[in-house]
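**Q** I'd like to go over a predicted model; first the sequence, then the structure.
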Amino acid sequence: MVVVPALGAAASSVAGLLFKASSASTVAASAGLAVGASKLSLAIAGAIKLATAIIGVGKLTIIPFLIAAIAYYNYDLFDPENRPFNVKEVDRVYDFIIVGGGSAGSVLASRLSEIPHWKILLLEAGGHETEISDVPLLSLYLHKSKMDWKYRTQPQNTACQAMKDKRCCWTRGKVLGGSSVLNTMLYIRGNRRDFDQWASFGNPGWSYEDILPYFRKSEDQRNPYLAKNKRYHGTGGLWTVQDSPYNTPLGPAFLQAGEEMGYDIVDVNGEQQTGFGFYQFNMRRGSRASAAKCFLRPARLRKNLHVALFSHTTKILTHPETKRATGVQFIRNGKLQTAYATREVILSAGAIGSPHLMMLSGIGPAEELQRVGLPLVHHLPGVGQNLQDHIAVGGIAFLIDYPISVVMNRMVNINTALRYAITEDGPLTSSVGLEAVAFINTKYANASDDWPDISFMMTSASVMSDGGSQVKEAHGLTQEFYDYMYGEVSNRDVFGVFPMMLRPKSRGFIKLASKNPLRYPLLYHNYLTHPDDVNVMREGVKAAVAMGETKAMKRFGARFWSKQLPNCKHLPHYTDEYWNCAIRQYTMTIYHMSGTAKMGPPTDPWAVVDPQLRVYGVPGLRVIDASIMPTITNGNIHAPVIMIAEKGADMIKELWLTPSEYRKKRQLEEPLELHNVTETLQQEERGTTFSNLNGNS
Ligand SMILES: Cc1cc2nc3c(=O)[nH]c(=O)nc-3n(C[C@H](O)[C@H](O)[C@H](O)COP(=O)(O)OP(=O)(O)OC[C@H]3O[C@@H](n4cnc5c(N)ncnc54)[C@H](O)[C@@H]3O)c2cc1C
C-alpha cells in the first residue's frame, strides 16, 4: 500500500465517511486501535489518490467510495503477500535481466528467482496495479489511462472505419502485470491442433502433449467438477481460475441457444473445443488475478529478485564481435542507466515492445534499420513481421424486455460497491458482462476437425450499456458514429455477441517510426486484407445474428438491433455485400497481438527465435512472450502466453542448471496430479475408460 502524506479533500472525506458509517468506530474507540485506524485512514486516502491519479478523476463518481470500501474491508491489502518492492537502485550485474514485467515477464521472474543462487532483474516501464484495476466490471476504465501505452494503428481502409481517423486503438498494459492488469481475464487455452501445428512447422517440444503439463502447472482450478478432470486441469498452481461469481439469466439461456443450434455444452479447455460453455476467469474471490499478483507477489521477499518499476528499456547491448547480448540500457528517474547480464537477457516486452526493442538495438530487417539510420547488429528479416490478432465485429446487440442485463448506471452504486468490498461478489465481479463462450464452425471450417473458426463472446451488455461513456472511448469510435447507431438505445437492456475470427490469414507488421527509442513504432494491422478472412468474419456475423433468433433468447424478447451502418446503407440489408461492408466499420480488436518474433526452425528465413526461444544470431538473448507464436492460437491468448513463459523458464533452467540440479527441481515441482495423470493414462492404455474424469460428460 502506498501512503500519500498530503491528502486530497475528497479522499479524506470518503475515508472519514466510511469510518463513521462502519462499526469500526466503536472498535476504534480503544486507544491502541485508534492509531491503527488512523494509519488505515491514511492508507485508504492514499489508495484513492493513487488510483484516481492513474485512472483519471471524474470518470465515475463512485470510484473514491469504492476504493475506500475495498481498502477498509479487504484484509489482504495488509497481507505480507502484498505488492513487490520497487528497488531503489539497480545493481550493475545480474545473472538474468528480464525486460517487461507483463504476463510473461511476471511468470519468468517468479520461476527464475526460485533458484536462490541466480540474481534476477525485472525492468518494467509502468508502475503498480491499483484497487480499481482489480474490479472486473471496471476494466474498460483502464483503457486510455496511465496504465495503457495507448497505441493506435496507422489508418488503413480495410478495417476500423468507424474509429477516429480510421485508426484502431491497441490497448496494452504499461504496468507491473502488463496486459493481464487490463484484460477481461478470460481463461481459454486454444486448440490442440494449434500446438501440433507449431510442432509440425519444425518446433520440437511444442506439440499439445508437450505443452499440456505447463498449462496444468500454473493452474489453480477452483471449479471442483472441472478440477476432477486431472488430464486437463491442475490445482494448487499459482494462477487462479474460477467461474464468474456473477451471472445474469442471459448466460444460461445462451447455453440453451447453443443446444438448440445443435452444439454440445463443453469444457472448452478440455477434450473438445467445439461447443458452448460458461467462461472461466483469472479471478480470485471475485477480483482480478493478474500475472503480477499471482506470480510476483509470492516471490516478493526473495532477495535475489530485483523489480525496478518506471524503467523504460531503450536498448539491448551486444558484444561488437560475438554479438552476444551483454546487458540493457534503460531510463529511470530521468537518467540513462546500464545493467549487465552474465547469463541471458530475456525480452518479455510484448508483441509490440519486444520487436520494437530488437529493432532499436540493431536486430531486425537490415533495410528497415538503415532507413532510420540505425547501425546493424544482426539481420533478421522476421522481426516485426507476421503480426496477428483476433478481430470481432462490435455492436452486434439484441434488445430485451427485462431489466436483467449489465446497464452500468444501474449496476454501479454504493450498494454494489459495498457488496463487492465486503462479500467479494455481486455485479462488480462481472467482467464487463462477459458470461459465456461458443466455438462454432462456419461453412468454411471442417466440422469433423474440432478446430472451429469462430468464437462467440457472449456478454450481458454491449456498446450502448454505459451510455457511450467507456466502450465508445476504449474502441475509439467517433461521436457521430455512436450517436447515429446507438444514441436512441443508450442505456437500454441488451445482450451482445462478439463473433471473433479465430484463424486469420491476414498478416500485419510493425515498423520503426524513428531511431528515437521513446517514439512509438508504426503499427499496420492489415485486418481483412485476405479474402478468406472476409468470408469467415461475415459468416460469423450471420451466425451471431441467427443465435438471437433461438427460442432460448426469444424468451427475453430478443430482437437484433438492426439499424444499418451509415457507410453501408446503400447496400441491401442482410446480403453478403452488406455484411462484407459492415465488418470493416466497427472492427473490434480482441487485443491478441502476437507473432512478431516468431519461433521456427533455422531453415525458416522468417523465424526470429528457435524452439528454445533463443534469438537467431544473437547468443544470450531470448524472447518469451506473445511475440513468439508462429500462428495465433484458437481462442483468447492469455493462457497460452502464460504457458509459453512457464515452458520458457523451464528451458532456461534446463540449460543453466546442472543435470542433477534440474532433475531434482523437476521432481519437486511435479505436482501430485501429474502422477495421477500418468497413472490414469496407464489405466487407459490397459483399457479402462476416461469418461468418469471428463468434465464434458
Ligand atoms: C484490453 C485487453 C483485454 C484482453 N482480454 C483478454 C482476455 O480476456 N483473455 C485472454 O486470454 N487474453 C486477453 N488479452 C490478451 C492478453 O492479456 C495478452 O495477450 C497478454 O497479456 C500478453 O502478454 P505479454 O507478456 O506478451 O505482454 P504484456 O502483458 O503486454 O507485457 C509486456 C510488458 O512489457 C512492458 N514493456 C514494454 N516495453 C517495455 C520497455 N521498453 N521497457 C520496459 N518495459 C516494457 C509493458 O509495460 C508490459 O508490462 C487482453 C488484452 C488486453 C489489452
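**A** In hand now; what should we look at?
**Q** Leaving out sequence neighbours, find the closest residue to whichever residue of the chain sits closest to the ligand.
**A** When distances are taken as Cβ to the nearest ligand atom, the chain reaches nearest to the ligand at residue 102, 1.7 Å away. Any C-beta I mention is one placed from the backbone N, CA and C, and that applies to glycine too. Closest residue to residue 102 in three dimensions, ignoring its sequence neighbours and counting by Cβ to Cβ, 6 or more residues apart in numbering: residue 178, at 2.0 Å.
**Q** my guess is that neighbour contacts residue 291, does it?
**A** Yes: if you go by Cβ atoms under 8 Å, residue 178 and residue 291 touch, sitting 6.8 Å apart.
**Q** shared neighbours of these two, anything?
**A** Residues within reach of residue 178 and of residue 291 at once, by Cβ atoms under 8 Å, 6 or more residues apart in numbering, are 102-104, 106.
**Q** ok, so of those, who is nearest residue 335?
**A** Proximity of those to residue 335 (Cβ to Cβ) peaks at residue 102, which lies at 23.6 Å.
**Q** Measure how buried the closest one is and give me the count.
**A** The burial count assigned to residue 102 is 31, neighbours taken as other Cβ atoms under 10 Å.
**Q** so what's it up against?
**A** 124, 173, 177-180, 291, 348-350, 625.
**Q** would a markdown table of the residues you listed with distance to the ligand, secondary structure and pLDDT be doable?
**A** Output for the contacts of residue 102, formatted as a markdown table (distance: Cβ to the nearest ligand atom, whole Å; DSSP: H, G, I helix; E, B strand; the rest coil; pLDDT from 0 to 100):
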| residue | distance to the ligand | secondary structure | pLDDT |
| --- | --- | --- | --- |
| 124 | 5 | coil | 98 |
| 173 | 5 | strand | 98 |
| 177 | 7 | coil | 98 |
| 178 | 2 | helix | 98 |
| 179 | 3 | helix | 98 |
| 180 | 5 | helix | 98 |
| 291 | 7 | helix | 98 |
| 348 | 5 | coil | 99 |
| 349 | 4 | coil | 99 |
| 350 | 3 | helix | 98 |
| 625 | 3 | coil | 98 |
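**Q** what's the strand or helix carrying residue 457 packed up against?
**A** Per DSSP states H and E: residue 457 is located in strand 454-459. Applying 3 or more Cβ pairs under 8 Å, 6 or more residues apart in numbering; DSSP states H and E, one finds that strand 454-459 contacts helix 250-260, strand 434-440, strand 494-501, helix 531-547.
**Q** Return the list of strands paired to that strand, each annotated with direction.
**A** Paired strands of strand 454-459, with direction, are strand 434-440 (antiparallel), strand 494-501 (antiparallel) (DSSP bridges).
**Q** Can you add mean neighbour count and mean pLDDT and give the ones you listed back as a markdown table?
**A** As requested, the strands paired with strand 454-459 are arranged in a markdown table below (neighbours: other Cβ atoms under 10 Å; pLDDT from 0 to 100):
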| stretch | mean neighbour count | mean pLDDT |
| --- | --- | --- |
| strand 434-440 | 26 | 98 |
| strand 494-501 | 27 | 98 |
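**Q** mind giving me a markdown table with those and columns for distance to the ligand?
**A** Shown next, in a markdown table, are the strands paired with strand 454-459 (distance: least, Cβ to the nearest ligand atom, whole Å):
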| stretch | distance to the ligand |
| --- | --- |
| strand 434-440 | 7 |
| strand 494-501 | 11 |
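**Q** Which elements pack onto the lengthiest strand in the chain?
**A** Taking DSSP state E as the criterion, the chain has its longest strand at strand 335-347. Applying 3+ Cβ pairs under 8 Å, 6+ apart, we find strand 335-347 packed against strand 93-99, strand 120-123, strand 311-318, strand 325-332, helix 350-360, strand 621-623, helix 638-656.
**Q** at 7 Å what do you get?
**A** Strand 335-347 is packed against strand 93-99, strand 325-332, strand 621-623, with contacts defined by 3 or more Cβ pairs under 7 Å, 6 or more residues apart in numbering; DSSP states H and E.
**Q** want to throw those strands into JSON lines with mean neighbour count?
**A** Below are these laid out as JSON lines (neighbours: other Cβ atoms under 10 Å):
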{"stretch": "strand 93-99", "mean neighbour count": "24"}
{"stretch": "strand 325-332", "mean neighbour count": "21"}
{"stretch": "strand 621-623", "mean neighbour count": "27"}
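**Q** Measure how far the helix or strand harbouring residue 666 is from the centre of its chain, please.
**A** Here residue 666 sits within helix 659-669, counting by DSSP H and E. Centroid displacement of helix 659-669 relative to its chain, using Cα atoms, centre = their mean, to the nearest Å, is 31 Å.
**Q** for the record, mean pLDDT for it?
**A** Taken as a whole, helix 659-669 has an average pLDDT of 83.
**Q** all numbers from here: first residue = 219
**A** Got it, first residue is 219 now, which makes that one helix 877-887.
**Q** Nearest to residue 386, out of the helices and strands packed on strand 553-565?
**A** Per Cβ to Cβ, nearest to residue 386 of the helices and strands packed on strand 553-565: strand 839-841, 24.1 Å.
**Q** Now for the nearest residue to residue 551 once chain neighbours are set aside, how many residues are close by?
**A** Leaving aside its sequence neighbours, residue 551 sits nearest to residue 528 (Cβ to Cβ, 6+ apart; 7.5 Å). By the criterion of other Cβ under 10 Å, residue 528 has 16 neighbours.
**Q** Just give the number of residues close to residue 510.
**A** 29.
**Q** which residues does residue 495 contact?
**A** 483-486, 654-655 (Cβ atoms under 7 Å, 6 or more residues apart in numbering).
**Q** go with 6 Å
**A** 484, 486 (Cβ atoms under 6 Å, 6 or more residues apart in numbering).
**Q** and it, which of the three is it?
**A** Classification of residue 495 using DSSP: H, G, I helix; E, B strand; the rest coil returns strand.
**Q** how about the residues of the stretch 519-668 of the chain near the ligand?
**A** Within the stretch 519-668 of the chain, the positions near the ligand by Cβ under 6 Å from any ligand atom are 530-531, 566-569, 571, 575.
**Q** Could you export these to a markdown table, including columns for neighbour count?
**A** Below are these laid out as a markdown table (neighbours: other Cβ under 10 Å):
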| residue | neighbour count |
| --- | --- |
| 530 | 18 |
| 531 | 26 |
| 566 | 32 |
| 567 | 28 |
| 568 | 27 |
| 569 | 30 |
| 571 | 25 |
| 575 | 25 |
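**Q** Show me the two of those that sit farthest apart.
**A** Counting by Cβ to Cβ, the most remote pair of those is 530 and 569, 17.6 Å apart.
**Q** Check which helices and strands the host helix or strand of residue 525 is in contact with.
**A** Using DSSP H and E, residue 525 maps to strand 523-526. Applying 3 or more Cβ pairs under 6 Å, 6 or more residues apart in numbering; DSSP states H and E, one finds that strand 523-526 contacts strand 338-341.
**Q** Sheet partners, orientation included, of the strand it packs on?
**A** Strand 338-341 has these strand partners (DSSP bridges): strand 311-317 (parallel), strand 523-526 (parallel).
**Q** could I get these as JSON lines with distance to residue 854 and mean pLDDT?
**A** Output for the strands paired with strand 338-341, formatted as JSON lines (distance: least, Cβ to Cβ, whole Å; pLDDT from 0 to 100):
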{"stretch": "strand 311-317", "distance to residue 854": "24", "mean pLDDT": "98"}
{"stretch": "strand 523-526", "distance to residue 854": "27", "mean pLDDT": "98"}
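**Q** Any chance of a markdown table for the ones you listed, columns distance to residue 782?
**A** A markdown table is the format used below for these (distance: least, Cβ to Cβ, whole Å):
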| stretch | distance to residue 782 |
| --- | --- |
| strand 311-317 | 47 |
| strand 523-526 | 52 |
